[in-house]
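Participant: This is the structure alone, sequence omitted:
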């Protein structure tokens, strides 16, 4: 079946000497993996390797056989041209990290129009703004809305956030919890929009500790979640 859809690149892995296997989150078909033959060869065609950088936003025409095998592109072009996402070291490192997280969390081969629109807008915002040190924290928390384990309502007298139960509470309910006094930025990230990210003041050490806790939250709620290999590089760049 020939499908025309927007797509966000999650990963691109070299296959053989000159080909790529590209994993995308598509607007109309969910997660799909494509074999792009000869794209790295000296004699390149219309489809260019630069299209497949992490989080690139594409407009593709593809042949979807929907048999659990690799699919094939017929046409590829950019649907949104990033200004500096892939040339700014901080943004490029964060895009690698977020693409890896999304690759481990979005699995369905079915449309999720709300999630696609959210990510599309989120990465365009990231591209256009310079103060993005807290962006990944905010995105990871907001992503849980679509994954089914967004934190419960914040209670003003809560002293803890229980990671296992996903709720704010006056006493820990499990062995995995955050002490709100130590992570006061966490509740702040729940109810703001993108433009308010820059107003949250957090030290580098606190940022790393909070990210570690958020990733643990993912591990507790997603059975096959893998801690991103790019985490160490992200911490080094934003240290």
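Facilitator: Done, it's in. Worth saying up front: this structure is predicted, and the values here are computed from it rather than measured.
Participant: can you give me the helices for this structure?
Facilitator: 89-105, 113-128, 135-147, 185-188, 204-221, 231-237 (DSSP state H).
Participant: what angle separates the second one from helix 89-105?
Facilitator: Inter-element angle recorded for helix 113-128 and helix 89-105: 160 degrees (by axes from the mean of the first three to the mean of the last three CA atoms, to 10 degrees).
Participant: before we move on, the earlier item: who wins for proximity to residue 22 among the helices of the chain?
Facilitator: helix 89-105 (11.3 Å; CB to CB). From N, CA and C alone the C-beta is placed, and that goes for glycine too.
Participant: Now residue 94. Nearest residue, chain neighbours left out?
Facilitator: Nearest non-adjacent residue to residue 94, counting by CB to CB, 6 or more residues apart in numbering: residue 136, 5.6 Å away.
Participant: try residue 185
Facilitator: residue 202 is the one closest to residue 185 (CB to CB, 6+ apart), at 4.9 Å.
Participant: got the contact list for that neighbour?
Facilitator: 134, 185, 210 (CB atoms under 8 Å, 6 or more residues apart in numbering).
Participant: quick one: pLDDT of the first one?
Facilitator: In this prediction, residue 134 carries a pLDDT score of 93.
Participant: same check, this time on residue 103
Facilitator: 96.
Participant: One more: residue 65?
Facilitator: Residue 65 is given a pLDDT of 88.
Participant: Based on its surroundings, how many neighbours for it?
Facilitator: For residue 65, the number of neighbouring residues by other CB atoms under 10 Å comes to 11.
Participant: For it, list the residues it contacts.
Facilitator: 1, 71 are the contacts of residue 65 under CB under 8 Å, 6+ apart.
Participant: which of the residues in the top strand by length along the chain are buried?
Facilitator: Identified as the longest strand of the chain according to DSSP state E is strand 2-15. Using 16 or more other CB atoms under 10 Å as the burial criterion, the residues of strand 2-15 that qualify are 3, 5, 6, 7, 8, 9, 10, 11, 12, 15.
Participant: And for that strand, what's in contact with it?
Facilitator: By CB under 8 Å, 6+ apart, strand 2-15 touches 20-29, 31-32, 35, 40, 51-64, 74, 79, 99-100, 102-103, 106, 116, 119-120, 123.
Participant: at 6 Å what do you get?
Facilitator: By CB atoms under 6 Å, 6 or more residues apart in numbering, the residues outside strand 2-15 that reach it are 20-28, 52, 56-64, 79, 99, 102-103, 119.
Participant: Would you mind giving me the ChimeraX syntax to select the buried ones in the residues you listed?
Facilitator: Selecting the buried subset of the contacts of strand 2-15 in ChimeraX, with 16+ other CB under 10 Å as the burial test, is done by:
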select :20,21,22,23,24,25,26,27,52,56,57,58,60,62,64,79,99,102,103,119
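Participant: So which of the contacts of strand 2-15 are in strands?
Facilitator: 20-26, 57-63, 79.
Participant: out of the contacts of residue 202, which one sits closest to residue 159?
Facilitator: residue 185 (15.6 Å).
Participant: Determine the number of other residues adjacent to the closest one.
Facilitator: Residue 185 - counted by other CB under 10 Å - has 17 other residues nearby.
Participant: Distance-wise, check it relative to residue 203.
Facilitator: Separation of residue 185 from residue 203 (CB to CB, to the nearest Å) stands at 10 Å.
Participant: before we move on, the earlier item: now do the residue nearest to residue 94 against residue 98, distance only.
Facilitator: Applying CB to CB, the value for residue 136 to residue 98 is 6 Å.
Participant: The two: which is more packed in?
Facilitator: Counting neighbours by other CB under 10 Å for residue 136 and for residue 98 shows that residue 98 has the greater number, 25 against 21.
Participant: Could you tell me how far that one is located from residue 18?
Facilitator: Taken as CB to CB, the span from residue 98 to residue 18 is 28 Å.
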